[in-house]
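A.B. asks: Quick one: sequence plus predicted model below, questions after.
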Number of protein chains: 2
Amino acid sequence: MRFQLGDYVPYLVNRAGVSISNTFSRELDRFGITLPMWRVMSALLDEGEQRLGDLSRITAIELSTLSRITASMDRAGLVSRRRSGEDARAVLITLSKEGRRMAEAIVPKALQWESAAIAGMSEDEVKTLKGLLQRIYGNVEGREAVLR
Amino acid sequence: MRFQLGDYVPYLVNRAGVSISNTFSRELDRFGITLPMWRVMSALLDEGEQRLGDLSRITAIELSTLSRITASMDRAGLVSRRRSGEDARAVLITLSKEGRRMAEAIVPKALQWESAAIAGMSEDEVKTLKGLLQRIYGNVEGREAVLR
DNA sequence: TATTGTTATACTCTATAACTATA
DNA sequence: TATAGTTATAGAGTATAACAATA
């Protein structure tokens, strides 16, 4: 049976994703943060204070990994963590002033990298791309949910 | 400045890629191999014997990582490695009989996972998706090449 | 000198599971 | 009992660089 890696969707998606991530990670090195940290910061910038569990869903970072990441960001002064008043089990994460300042400095760079990645595509193509990627994620996670 | 993670292409690509990779990795666990190993095997299945450097390009795996991975696959009896006669610096990697048998057993599973990931998409959409993902990879790696 | 590949180190993320505290 | 997080451990990939062998 013939199998061509260059025509195989999971490979193409993963290769594109890894490629973007790796190159942007190098940009983030200058700020002393990792890509998952940037995800956390941008999610908080957009959505405001979040519970750890919700942040895990938004950023697609494993809860246990996220727990360590936010602890490290807390030590670095980028976020603050406090117990929720409504549910004492929950931890609320917020951007600190410094974290917000850094996040706002990174946003333009992030948009530049996005532009570079989608260079030459029409608005329609980009829109289609986003839709299809969301469907892939939904399909895969949905199947996962069934298997669990 | 507003920044929405859920509308940001690098995030969407990476999320979809990681999601597919993680779920398929669990399928591969049954065969006792990792996703990068499967990449190597499928590339060799499709393209035949390869130099390590070429295999690195095809699979998008770092050379130093690939060196260790193929060494481990060699120990597991999945591939064989030998020096090239034409260029004694180069190492040629081939699937062993057992490696080929395993790869051929995995191909149908891989195609099933691909089908699940792209469920509900038309042929045209899938074709568009592949083209756009290839362009992203080209754009990013091209920019990388310039920066280096 | 440049290229092909190997090896070592330090770091990050993942997967898993045991654990605490609260609901 | 179930949920929200924390912590520890083992394993895999990445980045980097030093290195050997060959071109």
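C.D. replies: Sure, I can see it. Keep in mind it's a predicted model, so treat the numbers as computed, not measured.
A.B. asks: Name the SS class of A:Phe31, please.
C.D. replies: What DSSP: H, G, I helix; E, B strand; the rest coil gives for A:Phe31 is coil.
A.B. asks: can you pull the pLDDT of it?
C.D. replies: On the pLDDT scale, A:Phe31 is placed at 91.
A.B. asks: and the nearest residue to it once chain neighbours are set aside, what does it touch?
C.D. replies: Nearest non-adjacent residue to A:Phe31, counting by C-beta to C-beta, 6 or more residues apart in numbering or on different chains: A:Met102, 6.0 Å away. For glycine as for every other residue, the C-beta is placed from the backbone atoms N, C-alpha and C. By C-beta atoms under 8 Å, 6 or more residues apart in numbering or on different chains, A:Met102 lies in contact with A:Phe31, A:Ile33, A:Met41, A:Leu78.
A.B. asks: Correct me if wrong: the last one contacts A:Trp38.
C.D. replies: No - between A:Leu78 and A:Trp38 there is no contact, the gap being 10.4 Å when judged by C-beta atoms under 8 Å.
A.B. asks: ok, back up a step: how far away is the residue nearest to A:Phe31 from A:Leu95?
C.D. replies: A:Met102 sits 9 Å away from A:Leu95, taking C-beta to C-beta, to the nearest Å as the criterion.
A.B. asks: next structured bit after the helix or strand containing the residue nearest to A:Phe31?
C.D. replies: Per DSSP states H and E, A:Met102 falls inside helix A:97-117. Using DSSP H and E, the helix or strand that follows helix A:97-117 towards the C-terminus is helix A:123-147.
A.B. asks: quick one: which helix or strand includes A:Ile93?
C.D. replies: A:Ile93 belongs to strand A:91-95, assigned by DSSP H and E.
A.B. asks: Quick check: the gap between A:Gly142 and DNA strand C.
C.D. replies: 17 Å (C-beta to the nearest atom of the strand, to the nearest Å).
A.B. asks: hmm, back to that, okay, now the sheet partners of the strand holding A:Ile93, with direction.
C.D. replies: strand A:50-51 (antiparallel), strand A:79-83 (antiparallel) (DSSP bridges).
A.B. asks: quick check, A:Gly77 in a helix?
C.D. replies: No - applying three-state DSSP, one finds A:Gly77 to be coil, outside a helix.
A.B. asks: And for it, the neighbour number?
C.D. replies: Using other C-beta atoms under 10 Å in any protein chain shown, A:Gly77 has 12 neighbouring residues.
A.B. asks: how many other residues sit next to the closest residue to A:Phe3 other than its chain neighbours?
C.D. replies: Once flanking residues are discounted, A:Phe3 sits nearest to B:Val107: 4.9 Å by C-beta to C-beta, 6+ apart. Around B:Val107 there are 18 other residues, counting by other C-beta under 10 Å.
A.B. asks: wait, doesn't B:Val107 sit right on B:Trp38?
C.D. replies: No - using C-beta under 8 Å as the test, B:Val107 is too far from B:Trp38 to be in contact (10.0 Å).
A.B. asks: what separates the residue minimising distance to the centre of chain A from B:Arg57, distance-wise?
C.D. replies: With distances taken as C-alpha atoms, centre = their mean, A:Arg39 lies nearest the centre of chain A, 3.7 Å away. Distance of A:Arg39 to B:Arg57, computed by C-beta to C-beta: 29 Å.
A.B. asks: Likewise for A:Leu66?
C.D. replies: From A:Leu66 over to B:Arg57 (counting by C-beta to C-beta), the distance is 34 Å.
A.B. asks: Of those two, give the one with the bigger neighbour count.
C.D. replies: A:Leu66 (20 against 13).
A.B. asks: show me the contacts for the more buried one.
C.D. replies: Per C-beta under 8 Å, 6+ apart, neighbours of A:Leu66: A:Pro36, A:Val40, A:Leu52, A:Leu55, A:Ser56, A:Thr59.
A.B. asks: If we use 7 Å, what do you get?
C.D. replies: A:Leu52, A:Leu55, A:Ser56 (C-beta atoms under 7 Å, 6 or more residues apart in numbering or on different chains).
A.B. asks: And for A:Ile20?
C.D. replies: A:Ala117, B:Pro10, B:Val13, B:Asn14, B:Ile136, B:Val140.
A.B. asks: Columns mean pLDDT on top of the strands paired with strand A:91-95, output as a markdown table?
C.D. replies: Below are these laid out as a markdown table (pLDDT from 0 to 100):
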| stretch | mean pLDDT |
| --- | --- |
| strand A:50-51 | 96 |
| strand A:79-83 | 94 |
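A.B. asks: quick one, which of those is packed in tightest?
C.D. replies: Comparing these by mean neighbour count (mean count of other C-beta atoms under 10 Å in any protein chain shown), strand A:50-51 ranks first with a mean of 18.
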